[in-house]
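S.K.: model the following, please.
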Amino acid sequence: MQGKTIILLLILVGGLGALVWMQQDEAAADPDGFIDFPVFDGIATDDIQSIQIEQIERFWNLRLECDARGDWYMSDPIAYRADQGRVSLLLDQIRQLRGIEVVEVSDPKGIGFDPPRAVITVTERAPTGGEGRDSAQSASRSARSVTVEIGGIDLDGTTLYVRTGGRILRTLRNLHNSIAGSDQDFRSRRLTEVSPLERGIEIKRTGRFAEAGEDLSFEALAESSRWFATAPARVSLDPAAMHLLQQQILGTHITGFADDNPTDLSLYGLEDPRLRIEVGTARGNRIKLRFGQSVDYPDTWFAMRAGHPFVWKINAGDVAFFATPFEEFYDYAIYRANRSQIQSIELEAEGQALRIFRAGLDWYVTEALGIDDAELRPDQYTAADGGKVEDLLAALEHEELAVFLEKGTDFIPSDDWQRIEILTTDGRVLGGEIGALHTVAGSEEGRMFLRRDDELVSILSEELASRLRVGWDDLRSPVIHSLVEREQRSIRLARGAEELLYTLDLKANAWQVEGTHLESAAFSGVVDRLLSMRVRRWLKPTEIPSNTQDAISVGIQGTVGGWIRVRVLRSSDGQEFCEKDGLWGEIRPGLVDPIAELFGQ
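M.R.: Got it, this is the predicted structure:
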């Protein structure tokens, strides 16, 4: 056999092998050897303008249209917002459904055609013109439509016959399931189209839940994160409860459609409804709802919305929530603010006033009210004990008002009148007045409390009222100063005309007498107390001793900044004190003598 013949045979064998491989691959992809086609051929779901459904089998027609924002609405048989989720499911089927062509069909009527069970027509938006000849040609084209006829369900129960573009296809029955019910299935079940997450700024309610029930009327407004009622009484409302009420109203779903064009609202108890609710939102939406029952339908609640002709059925449990008694929306917190937002707290009781204010991360306390923080003299304020301030704030945050008294109850101030005022960083003024003791039937005795801007009197526990009777000494920090040793440069001691200066040698980690390289062991014994000074208690002006002796001035210079100056002294009865910036405190004994001994060395 010649070489050319062998080469020719190899080429022939290779070609046959490639053909077999291609056939096997095609069989793997489609084992039955059929070719599938998209049911809605060439339609891009993002470009769909309308969907027309003719449910011939169930005798209804429906037209859905998409607006400029991408929301879907019914335009026929009535104008109504569509169920966006259901339309989205239908769009997914339009985009994804594919079918296998049925080539030999001798009797289309036998598989559900002529007439079909339903017809779906999908229309794209008309092309918009831009600039240039191509854009002009595009704009001249009409909107593209695809019509799909729905036939019968195959014997296997899982597939469906459809006809489109002259072909009969067998596809999944999902499309049949989507339109098998009523045209009402495509209507939105939302009571309103406003998002429940939209911020409400006003709620009004009138009426009664039961025919002989209590009057549920109230009006409420929102300012920032705060809600308060303006009628029937001005009182702060729980923002979480009000937010939940607003969300429930705006997000509630109806249970059914009662009447699309009612002529007699009394049939549904809506001519003179049991309950009316009006919600205003920050975006300018105003939703007015009415809820009713009638003699003909005593077990069913109906609802209407102003500007809409429809009567809906609604769950009785939702209406019961809308009718929650006004008192259950009261805010039982003494104030509402994050701790990080609190700038200052003023407490006044028994003729004494105290202000706690924040500067950076630290708290300070002063008895000078009405003076800007930046204008306070050093002797008018002192550092507060941060732990005690945080404990006080925690008590205020966790304490709740016990009960609210009836409207018209007069607030009675106490003999030791108390006031609490909280200023926040965003300019809000919170707090209130604490009044006389009061006992409510079935409740423990407490103090009357009139929260700022409220007109309803409430009851505050006597325990918290007592805790708020604090003075300067109760909150002042015992720390005079607390310094890091390695951050100091020198310490100067002075007694009369005598003076000692010690410097810190960082390399040797030792305090040395100025001008020498000698470590002072005696000074090292007192340096820790000099760098971390605390008082046992702060002295009132009337307690400052007049007969002091052994006064020693201490000046501490840091590596950055100026001098910190303080005096340590002893009274004739042996008590030891310190004085800094005009403030006096009693200190633990045992500091004056070791310092005095340094001058004799």
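
S.K.: ok, then the element right after the helix or strand containing Glu390?
M.R.: Secondary structure assignment for Glu390, by DSSP states H and E: helix 386-398. Downstream of helix 386-398, the first helix or strand assigned by DSSP H and E is strand 413-424.

S.K.: quick one: mean pLDDT over that following strand.
M.R.: Here strand 413-424 scores 90 as its mean pLDDT.

S.K.: what of stretch 145-165?
M.R.: 93.

S.K.: kindly report the same for stretch 374-385.
M.R.: On average, stretch 374-385 scores 79.

S.K.: run the chain-centre distance for it.
M.R.: Centroid separation between stretch 374-385 and its chain, computed with Cα atoms, centre = their mean, to the nearest Å, is 37 Å.

S.K.: and that stretch, end to end?
M.R.: Start-to-end span of stretch 374-385 (Cα to Cα, to the nearest Å) is 20 Å.

S.K.: quick check: buried residues in it?
M.R.: By 16 or more other Cβ atoms under 10 Å, the buried positions in stretch 374-385 come out as Tyr381, Thr382, Ala383, Ala384, Asp385. Placement of C-beta: from N, CA and C, glycine included.

S.K.: from Asp372, how far out is the third one?
M.R.: So the one you mean is Ala383. To Asp372, Ala383 is 18 Å away according to Cβ to Cβ, to the nearest Å.

S.K.: same check, this time on the first one
M.R.: Distance of Tyr381 to Asp372, given as Cβ to Cβ: 12 Å.

S.K.: one more: the second one?
M.R.: Relative to Asp372, Thr382 is positioned 17 Å away (Cβ to Cβ).

S.K.: could the buried residues of stretch 374-385 be laid out in TSV, adding secondary structure?
M.R.: Formatted as TSV, these follow (DSSP: H, G, I helix; E, B strand; the rest coil):
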residue	secondary structure
Tyr381	strand
Thr382	strand
Ala383	strand
Ala384	strand
Asp385	coil
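
S.K.: of those, closest to Ile249?
M.R.: Nearest to Ile249 out of the buried residues of stretch 374-385 is Ala384 (Cβ to Cβ; 45.4 Å).

S.K.: list the contacts of that closest one.
M.R.: By Cβ atoms under 8 Å, 6 or more residues apart in numbering, the contact set of Ala384 is Ile356, Asp362, Trp363, Tyr364, Val365, Leu475, Arg476, Ser477.

S.K.: any idea which element Arg570 lies in?
M.R.: strand 563-571.

S.K.: and that strand, which strands flank it?
M.R.: strand 548-558 (antiparallel), strand 576-580 (antiparallel) (DSSP bridges).

S.K.: going toward the C-terminus from the last one, what's the next helix or strand?
M.R.: If I follow you right, that is strand 576-580. strand 583-587.

S.K.: so which elements touch that following strand?
M.R.: Packing contacts for strand 583-587, counted by 3 or more Cβ pairs under 8 Å, 6 or more residues apart in numbering; DSSP states H and E, involve strand 537-538, strand 576-580.

S.K.: could I get the average pLDDT for the last one?
M.R.: When pLDDT is averaged over strand 576-580, the result is 92.
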